[in-house]
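Q: here you go, sequence then predicted model.
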Amino acid sequence: MRTIRVETSAATILLTEAPEPKVRDRQTGEIAKDAVSGEALMTIGVVYIEEGESSLIKVTVPESGVSEGLVLGAPVSLPGLIARPWESVFNGQQRHGIAYRAAAVTPAAFPATTEAAA
């Protein structure tokens with residue numbers, strides 16, 4: 001399936017949900033693993049703000065990519081962020097969306113604005 005690289009240099013990304021294990025099977029509680037490395041996966045919630053618009057998104061990150069010092073509401077960086085469109089049929093209902101994945105989540109600084117420089 002096609003993946004799309006997400007350019008984040010002009011965006012402000014704020015952490016809205018702390019990292020937690022990504023659950024593969026809600027009935028058994030099985031934790032999702034990376035298909036290649038076998039490493040446990042985590043999910044985080046962020047608000048992605050760019051050009052005056054914002055979106056709340058969930059991002060999957062490998063456990064080793066979760067940095068120390070993450071603070072809710074603080075800016076973060078998501079190196080290697082990609083988007084992958086998906087679709088499936090569940091109980092006869094067609095579902096679709098976009099899954100986001102990053103190589104890591106690290107603390108970042110608020111970007112400088114042109115108004116602040118003046």
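A: Alright, I've got the coordinates. Residues are numbered from 1 along each chain as shown.
Q: start to end distance for stretch 68-77?
A: Using Cα to Cα, to the nearest Å, the end-to-end distance of stretch 68-77 comes to 13 Å.
Q: now it: buried residues?
A: 75-76 (16 or more other Cβ atoms under 10 Å). For glycine as for every other residue, the C-beta is placed from the backbone atoms N, C-alpha and C.
Q: likewise for stretch 23-33?
A: A32.
Q: what's in contact with that stretch?
A: Contacts of stretch 23-33 from elsewhere in the structure, counted by Cβ atoms under 8 Å, 6 or more residues apart in numbering, are 21-22, 39-41, 60.
Q: of these, select the buried ones using a ChimeraX command.
A: Here is the ChimeraX command that selects the buried residues among these (16+ other Cβ under 10 Å):
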select :22,41,60
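Q: which of the contacts of stretch 23-33 fall in strands?
A: 21, 41, 60 (DSSP state E).
Q: one step back: how about CSV for the contacts of stretch 23-33, with pLDDT and distance to L78 added?
A: Shown next, in CSV, are the contacts of stretch 23-33 (pLDDT from 0 to 100; distance: Cβ to Cβ, whole Å):
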residue, pLDDT, distance to L78
P21, 96, 18
K22, 96, 15
E39, 95, 17
A40, 96, 18
L41, 97, 14
T60, 97, 11
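Q: the strands in the protein, which residues?
A: Going by DSSP E, the chain shows strands at 4-5, 12-21, 23-25, 30-31, 41-50, 53-62, 76-77, 82-90, 93-101, 106-107.
Q: that's all I had, so thanks and see you.
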